[in-house]
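Novice: just coords:
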């Protein structure tokens, strides 16, 4: 679980996508993306002046990461403080749903960015970090479900044998 939290925290500082610059005769067009905005930056070769000419909010990714961080941290606390496993299972399910929302938004943003600005891009590790956290949450959730099932199975067998 600590690895999941670390992966989410790293995702805040790692771009989701990286972009190739488009260099023309008179100017260069480059792209930047963080958890706030996607930006198109033009730099004139003659003057060296550069500026943001277009931007688009991608803040939904940041909100999803905050949701993942809070839910994963709460889930970790429920395990450390030995709260009910059903509370953990609920938090883990919410965590997985928020992770799904993150990737749904990422796809929507990528499609929109591609349709509006035609950048050449490639995924960065930041795109995969939340997935690592969600995969770890799924593994822990599944092991707890198996543990609960085995305990219930043992209870049913002991009553049945009497």
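Specialist: Happy to help now that I have it. Here the structure is a predicted model, which is why all the values come from computation and not from measurement.
Novice: can you list phi and psi of the residue nearest in space to the middle of the chain for me?
Specialist: For the chain, the residue nearest the mean C-alpha position is residue 130 (3.3 Å; CA atoms, centre = their mean). Backbone geometry at residue 130, expressed as degrees, to the nearest 10, gives phi -60, psi -30.
Novice: then residue 35?
Specialist: The phi/psi pair for residue 35 (degrees, to the nearest 10) is phi -90, psi 10.
Novice: over to the one 10 residues further on?
Specialist: Dihedral pair for residue 45: phi -70, psi -40, per degrees, to the nearest 10.
Novice: burial count for it?
Specialist: 11 (other CB atoms under 10 Å). C-beta here means a position set from N, CA and C on the backbone, and glycine is covered the same way.
Novice: who are the contact partners of it?
Specialist: 25, 26, 27, 28 (CB atoms under 8 Å, 6 or more residues apart in numbering).
Novice: helix or strand with the lowest mean pLDDT in this structure?
Specialist: Using mean pLDDT, DSSP states H and E, helix 125-161 stands out as the lowest-scoring helix or strand of the chain, at a mean of 82.
Novice: how far does that helix sit from its chain's centre?
Specialist: Computed by CA atoms, centre = their mean, to the nearest Å, the chain-centroid distance of helix 125-161 equals 21 Å.
Novice: SS state for residue 32?
Specialist: Secondary structure, DSSP: H, G, I helix; E, B strand; the rest coil: residue 32 is strand.
Novice: quick check: bridge partners of it?
Specialist: Note on residue 32: beta-bridge partners residue 39, judged by DSSP bridges.
Novice: what about it, how many neighbours?
Specialist: Residues near residue 32, counting by other CB under 10 Å: 15.
Novice: number the residues from 5 up from this point.
Specialist: All right, first residue 5 from here; so that's residue 36.
Novice: ok, it - contacts?
Specialist: Here residue 36 is in contact with 19, 23, 42, 43, 45 (CB under 8 Å, 6+ apart).
Novice: identify the residues contacting the residue lying closest to residue 66 once chain neighbours are set aside.
Specialist: Of all residues not flanking residue 66 in the chain, residue 39 sits nearest, at 3.9 Å (CB to CB, 6 or more residues apart in numbering). The neighbours of residue 39, taking CB under 8 Å, 6+ apart as the test, are 16, 20, 62, 63, 65, 66, 69.
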